[in-house]
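Colleague: I'll drop the sequence and a predicted model, then ask my questions.
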Amino acid sequence: QLQLVESGGGSVQPGGSLRLSCAASGFTLDYYAIGWFRQAPGKEREGVLCISSRGGITTYADSVTGRFTISRDNAKNTVSLQMNSLKPEDTAVYYCAANWGYKCTGSPDYWGQGTQVTVSS
């Protein structure tokens, strides 16, 4: 069974940091591009960042530039999203998702169940 499982969400004050992890089971991430997406209450889901199977980065949300970084560890079959200088507008359910192939397509084949991130004072 192919699964993506996110972890690391939680509540943090503005300016704080969180690190989300996405672990794959049932398949290897080596040949997949992995993206992080988020959905805030009352809003459509949007892309945040994506990392290709070769390590190339695609930024979907300009608002995270300079604050969020994405990385992958193929040996551990995981992808991480480091989020610094968090703002209340970053509050959302964060999903990791995978698409087959070298490049980030924005149209994932597999989705995780999501993890809640809340930024509030």
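Modeller: Perfect, I can see it now. Numbering: from 1, shown residues only.
Colleague: CA atoms for contacts and neighbours, from now on please.
Modeller: OK.
Colleague: Quick check, pLDDT for the residue nearest the centre of the chain.
Modeller: With distances taken as CA atoms, centre = their mean, the residue of the chain nearest its centroid is residue 36 (2.5 Å). Note on residue 36: pLDDT of 98.
Colleague: buried residues in the host helix or strand of residue 71?
Modeller: Using DSSP states H and E, the element containing residue 71 is strand 68-73. Buried positions in strand 68-73, judged by neighbour count with 16 or more other CA atoms under 10 Å: 68, 69, 70, 71, 72.
Colleague: Next, the residue nearest to the centre of the chain: secondary structure please.
Modeller: strand (DSSP: H, G, I helix; E, B strand; the rest coil).
Colleague: Quick check: it touching residue 52?
Modeller: No: taking contacts as CA atoms under 8 Å, residue 36 lies outside contact range of residue 52: 11.8 Å.
Colleague: is it true that residue 88 touches residue 120?
Modeller: Yes: taking CA under 8 Å as the definition, residue 88 is a contact partner of residue 120 at 5.7 Å.
Colleague: Give the intersection of the neighbour lists for these two.
Modeller: Shared contacts of residue 88 and residue 120 (CA atoms under 8 Å, 6 or more residues apart in numbering): residue 14.
Colleague: Now do the same contact list for the residue lying closest to residue 102 once chain neighbours are set aside.
Modeller: Setting aside the residues directly before and after it, residue 102 is nearest to residue 53 in space (CA to CA, 6 or more residues apart in numbering), at 5.0 Å. Contacts for residue 53 (CA under 8 Å, 6+ apart) come out as 29, 30, 31, 32, 33, 34, 101, 102, 103.
Colleague: Near the closest residue to the first one other than its chain neighbours, how many other residues are there?
Modeller: Read it as residue 29. In space, and not counting its chain neighbours, residue 29 is closest to residue 77: 5.8 Å by CA to CA, 6+ apart. Neighbour count of residue 77, defined by other CA atoms under 10 Å: 15.
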